[in-house]
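> What follows is a protein structure lacking sequence information:
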């Protein structure tokens, strides 16, 4: 699952619209993006270290503005509202103008020369929710996913109701020990059975060290809301 959270957090995760086939309760979880599809999410990220606690909340809208024949696509992201709280002191974040990002057929962002690079936390958290298998899987099946920072252990746990939606529940765990990164991650993702789009996710990274930065915890929550 490739995802991109809004610039507000500041974490970039492209909201997935998963579409795969179902045959004998087998799921490919292969991404398919459709032009003009719109999804809105409320997100919350908390970062805790020895000196501070930062909490970032946002409501963000994602719209697919174009899809190429090979599956490459462009997605427009807009932060509708948000807040940032640092050690209990809260400030508002204003609505942003829409920003369009381009992705290749594999869901990787296409950067142009001069574009800002995503920060290391952004890149890592994006990887931690990248669970897409390389083959169709059944409920109860597990698989491993290699990322730059280590190995993720993924499992399709079953079907659960989230709000009024029937969802597939996926678990993702990892012990990170590569590329100047360490920590232990634990995440849960729910995607709708009806169209395999994201409904909800929660991921925690305990005792992360990213380059020279050491923290106690990073938590990310994301829930789909009405457009």
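Structure's in. What do you need? Nothing here was measured: the structure is a model prediction, and the numbers come from that model.
> going forward, measure contacts between C-alpha atoms and count neighbours the same way
OK.
> any chance you could map the helices in this protein?
Secondary structure of the chain (DSSP state H): helices at 120-128.
> This protein: strands as residue ranges?
For the chain, strands defined by DSSP state E occupy the ranges 26-27, 38-48, 53-67, 73-86, 89-93, 99-103, 137-138, 142-147, 150-162, 165-176, 181-192, 198-210, 213-214, 217-225.
> ok, residues contacting the third one?
Residues external to strand 53-67 that are found in contact with it (Cα atoms under 8 Å, 6 or more residues apart in numbering): 6, 8-9, 15, 33-48, 73-87, 227.
> the inter-axis angle of that strand versus strand 217-225?
Angle of strand 53-67 versus strand 217-225, following axes from the mean of the first three to the mean of the last three Cα atoms, to 10 degrees, is 50 degrees.
> Return the helix or strand in this structure with minimum mean pLDDT.
helix 120-128 (a mean of 83; mean pLDDT, DSSP states H and E).
> need the strands of the chain in a markdown table with mean pLDDT, can you?
Formatted as a markdown table, these follow (pLDDT from 0 to 100):
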| stretch | mean pLDDT |
| --- | --- |
| strand 26-27 | 86 |
| strand 38-48 | 95 |
| strand 53-67 | 96 |
| strand 73-86 | 96 |
| strand 89-93 | 95 |
| strand 99-103 | 93 |
| strand 137-138 | 93 |
| strand 142-147 | 92 |
| strand 150-162 | 94 |
| strand 165-176 | 93 |
| strand 181-192 | 93 |
| strand 198-210 | 94 |
| strand 213-214 | 91 |
| strand 217-225 | 96 |
